[in-house]
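S.K.: here is my input, please return the structure:
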Amino acid sequence: MKIRFNFKISRWANFYFFVQNLSAWHLSCRRRYNEHWRNTLPVFSEKQEELLIEFARIRKEHPEVKSVFEQAFFLSDDPLSTLEANLPKKEILMIREIFSSQKNNFNTIYSTEESKLEKWKSKLEESLLGETLNEAIIKELSLLFSVEIVEPISIRVFLLIAPAGHGGMVNMAENTITQDLSNLPLDYSKLVISTIWHETIHLCFEKPFFRALIKKHAMDREDRMFKYSEIIVSSLFPLGILGKKFFSLKITNDIYSMFKLNESQTGRIMNLTNKYVENEVPFDRAYLIELDRIIQKNG
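M.R.: The predicted structure is shown next:
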């Protein structure tokens, strides 16, 4: 099997996820998690709030993804020592104080969430994925994105706490995906698996051909490149054409809420993607031109 998924539960990764969400340092931080945890925990002291502001300031000074913070908290057994080798002493002292100030709050949350993560880990290891299904998905994606997976790839999937709902990210570290899902019912495993494939496309299939195609079409504008990428990948997984084909999930009528595409536009995008899937042809410039026609009213 050319792509394997290695599911991980890390206390430090979850502690980092907890602190960064409370700090709201970036648009990717989950506001609803922040609000829920604050409503659940004792009111933060003035000092705790000041330290979270300080964490946000420090974190913003580093790359948004694959920074020394992700390398430390996701890939190291001793993240604070790892950070010491890469950050000024003043920042290290501040970071230690920040995590110390939130230790009891995190322990309160994590004490009830860890067992739920363990159940999810067992569920996903059991169901993700049968080798035949895995190979069928890889074959489909390889054709659509003009990519051949030659060497085996091992993808780390970190399972994270979440008070409600489900989210995920890619590019936290090399070949790493996160899934925040602790309170999601296990019945939603097909949705989670389909979401993992969404993130796997970003990791393994967008480069080099497809990314270059989008970059040229978007005239090197990062915001447009992001928009094209997310819309197209979302039209496949989780609630797109391949989510339905492989996991019998219902196709969404809201392809990516932040882009404010209506139900009619979403349907036309799904039909466009489905033509390429059914005809077994790779995404090309003509696809992007037609996608522009569909979304042009939204910029």
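
S.K.: so what's the residue count around the nearest residue to residue 3 once chain neighbours are set aside?
M.R.: By the measure of CB to CB, 6 or more residues apart in numbering, the closest residue to residue 3 outside its immediate chain neighbours is residue 153, 5.0 Å from it. From N, CA and C alone the C-beta is placed, and that goes for glycine too. Counted with other CB atoms under 10 Å, residues neighbouring residue 153 total 16.

S.K.: with residue 46 instead?
M.R.: 7.

S.K.: for residue 4, list the residues it contacts.
M.R.: Listed by CB atoms under 8 Å, 6 or more residues apart in numbering, the contact set of residue 4 reads 152, 153, 154, 155.

S.K.: 6 Å - rerun?
M.R.: Going by CB atoms under 6 Å, 6 or more residues apart in numbering, residue 4 touches residue 154.

S.K.: quickly note the distance from it to residue 175.
M.R.: 10 Å (CB to CB, to the nearest Å).

S.K.: what segments of the stretch 101-250 of the chain are helices?
M.R.: 131-144, 189-204, 209-217, 222-234, 241-247 (DSSP state H, counting those that start in this stretch).

S.K.: now render those as TSV, adding distance to residue 70.
M.R.: What follows is these, written out as TSV (distance: least, CB to CB, whole Å):
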stretch	distance to residue 70
helix 131-144	25
helix 189-204	14
helix 209-217	21
helix 222-234	19
helix 241-247	27
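
S.K.: and these: which comes nearest residue 262?
M.R.: helix 222-234 (13.3 Å; CB to CB).

S.K.: convert the closest one to PDB, retaining C-alpha atoms only.
M.R.: The C-alpha coordinates for helix 222-234 follow below in PDB (Å, rounded to 0.1, in the frame of the first residue of the first chain):
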ATOM      1  CA  GLU A 222      -2.000  33.500  -2.900                       C
ATOM      2  CA  ASP A 223      -5.600  34.200  -2.000                       C
ATOM      3  CA  ARG A 224      -6.900  33.000  -5.300                       C
ATOM      4  CA  MET A 225      -4.600  29.900  -5.300                       C
ATOM      5  CA  PHE A 226      -6.000  29.000  -1.900                       C
ATOM      6  CA  LYS A 227      -9.500  29.500  -3.100                       C
ATOM      7  CA  TYR A 228      -9.100  27.300  -6.200                       C
ATOM      8  CA  SER A 229      -7.300  24.600  -4.200                       C
ATOM      9  CA  GLU A 230      -9.900  24.300  -1.500                       C
ATOM     10  CA  ILE A 231     -12.900  24.500  -3.800                       C
ATOM     11  CA  ILE A 232     -11.500  21.800  -6.100                       C
ATOM     12  CA  VAL A 233     -10.400  19.500  -3.400                       C
ATOM     13  CA  SER A 234     -13.700  20.000  -1.500                       C
END
